[in-house]
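Undergrad: predicted structure and sequence below. I'll ask about it afterward.
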Amino acid sequence: MKQEIPDRTKDSIRGLSTLKKNGRKVRSLKFKGEINSLPLKQYRNTWRIIDRHHVHIQGIKQSLRVRGMFQIPKDAELASALLIRKHGDYYLHVTTFQTKMTSKKQYRSYNWWKTKTKLEKAYDKNTSIKKDIRNKLVRKLTEQFSTICYQDDSIKAWQRIWGKRILNTSLGGITSALQKKARTPRRVPRFVPTTQKCSRCNARNETNLYDRVYECVHCGLVIDRDLNAAINIEKEGVPTVRRELTPADTRGSTLVEYNDIPYVRANMVVETGSSSQIVKPTIFSRG
């Protein structure tokens with residue numbers, strides 16, 4: 001595995017040399033202090049899959065837990081892999097060989113055009129449903145709230161993690177519509193740690209994506225993860241003095257459901273004993 005890094009460096013130098021010979025402008029080489037990707041060329045030699053949740057990489061004694069192994073088809077032939085470090089997280093990009101699925105319909109035949117038309121209608125219907133969800137939900141929010149706080153999250157980054165599950169929603173359209181239609185939109189910067197920061201003592205606690213309950217090790221606050229993030233977004237968007245949230249307030253929170261919007265149920269948490277309303281950013285698709 002150690003030889004793969006010099007080999008990749010030599011390939012990069014050869015590529016630069018070819019570009020220079022073709023008349024392209026090539027700058028001088030610079031020293032690189034760290035490597036953020038490590039090629040793993042040979043399966044079962046430099047890396048191998050142990051089970052549905054663990055892989056073994058050469059040079060590392062213990063096995064590594066990997067989420068998302070279900071994305072690899074059972075009948076796929078495993079080839080090379082790439083260990084990537086990005087923003088403090090590690091990803092395993094796996095290359096597989098799979099049997100190519102071909103269409104049984106003859107290209108540009110009558111049945112081919114018929115199926116193509118059906119697919120276009122299905123995509124158009126799905127797009128119309130997402131637009132309807134966005135318009136109705138935005139109208140509900142703008143009618144009930146004069147000030148709406150939201151965080152400028154990267155939808156494309158979510159898409160790299162959850163794939164088509166993000167594409168099938170209209171989250172990006174909702175935030176862009178709120179910027180234009182809300183009477184007082186308050187945008188919170190993207191890198192404010194609203195999920196990891198405690199809404200009571202402002203201490204920062206590391207949380208994982210699968211942790212749905214936020215527990216502060218400093219003040220002992222136990223609260224729903226989304227509600228904690230919503231309170232922090234409200235604090236950043238509307239910097240006013242809020243009363244301290246107590247466990248009784250969390251238990252006494254009511255849940256309002258927008259059941260009159262087709263294909264979606266959006267939940268809104270309302271704190272008891274407070275004039276402010278915290279939107280819990282949870283959308284469940286029924287389609």
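TA: Structure received.

Undergrad: strands of this protein, start to end?
TA: Remark: strands assigned in the chain by DSSP state E are 37-40, 47-49, 54-57, 64-65, 77-86, 89-97, 147-151, 184-188, 213-215, 222-224, 254-257, 264-270, 277-285.

Undergrad: which one of those lies nearest to residue 196?
TA: When those are compared by CB to CB, strand 213-215 sits nearest residue 196, at 8.6 Å. Bear in mind the C-beta positions are built from the backbone N, C-alpha and C, glycine included.

Undergrad: now for the closest one, which elements pack on it?
TA: Counting contacts by 3 or more CB pairs under 8 Å, 6 or more residues apart in numbering; DSSP states H and E, strand 213-215 is packed against strand 222-224, helix 225-237.

Undergrad: which among the ones you listed is found nearest to residue 115?
TA: Comparing the helices and strands packed on strand 213-215 under CB to CB, the one sitting nearest is helix 225-237, at 41.2 Å.

Undergrad: just the C-alpha atoms of the closest one, please, in PDB.
TA: Taking Å, rounded to 0.1, in the frame of the first residue of the first chain, the C-alpha atoms of helix 225-237 are listed here in PDB:
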ATOM      1  CA  ARG A 225     -31.800  17.200  18.800                       C
ATOM      2  CA  ASP A 226     -33.900  19.200  16.300                       C
ATOM      3  CA  LEU A 227     -35.500  21.300  19.000                       C
ATOM      4  CA  ASN A 228     -32.100  22.200  20.500                       C
ATOM      5  CA  ALA A 229     -30.800  23.200  17.000                       C
ATOM      6  CA  ALA A 230     -34.000  25.200  16.400                       C
ATOM      7  CA  ILE A 231     -33.500  27.200  19.600                       C
ATOM      8  CA  ASN A 232     -29.900  27.900  18.700                       C
ATOM      9  CA  ILE A 233     -31.000  29.100  15.300                       C
ATOM     10  CA  GLU A 234     -33.500  31.400  16.900                       C
ATOM     11  CA  LYS A 235     -30.900  32.800  19.200                       C
ATOM     12  CA  GLU A 236     -28.500  33.500  16.300                       C
ATOM     13  CA  GLY A 237     -31.200  35.000  14.100                       C
END
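
Undergrad: mind giving me the domain ranges of the protein?
TA: 34-100, 126-242 (automatic domain parsing).

Undergrad: just name the most buried of the ones you listed.
TA: Comparing the domains of the chain by mean neighbour count (mean count of other CB atoms under 10 Å), domain 126-242 comes out on top with a mean of 15.

Undergrad: shouldn't residue 90 be in contact with residue 83?
TA: Yes: in this structure, residue 90 sits in contact with residue 83. The criterion is CB atoms under 8 Å, and the distance is 6.7 Å.

Undergrad: now stretch 105-124: average pLDDT?
TA: Looking at stretch 105-124 alone, the average pLDDT works out to 90.

Undergrad: re earlier: save the domains of the chain as a markdown table, and put in distance to residue 14 too.
TA: Listed next are the domains of the chain as a markdown table, based on distance: least, CB to CB, whole Å:
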| stretch | distance to residue 14 |
| --- | --- |
| domain 34-100 | 16 |
| domain 126-242 | 30 |
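
Undergrad: of these, which is nearest residue 120?
TA: Shortest distance between residue 120 and the domains of the chain, using CB to CB, is found for domain 126-242: 10.6 Å.

Undergrad: assess the claim that residue 131 and residue 173 are in contact.
TA: Yes: shown here, residue 131 and residue 173 form a contact pair, counting by CB under 8 Å, at 7.4 Å.

Undergrad: the lengthiest helix in the chain relative to strand 147-151, how many degrees between them?
TA: In the chain, with assignment by DSSP state H, the single longest helix is helix 110-144. Here helix 110-144 runs at an angle of 130 degrees relative to strand 147-151 (axes from the mean of the first three to the mean of the last three CA atoms, to 10 degrees).

Undergrad: roughly how far is helix 110-144 from the heart of the chain?
TA: Counting by CA atoms, centre = their mean, to the nearest Å, helix 110-144 is centred 22 Å from the centre of its parent chain.

Undergrad: what do you get for stretch 192-212?
TA: For stretch 192-212, the distance to the chain centre is 17 Å (CA atoms, centre = their mean).

Undergrad: what sits up against that stretch?
TA: For stretch 192-212, the surrounding residues in contact (CB atoms under 8 Å, 6 or more residues apart in numbering) are 151, 188, 214-219, 221, 223-225, 228-229, 231-233, 235-236, 244-245.
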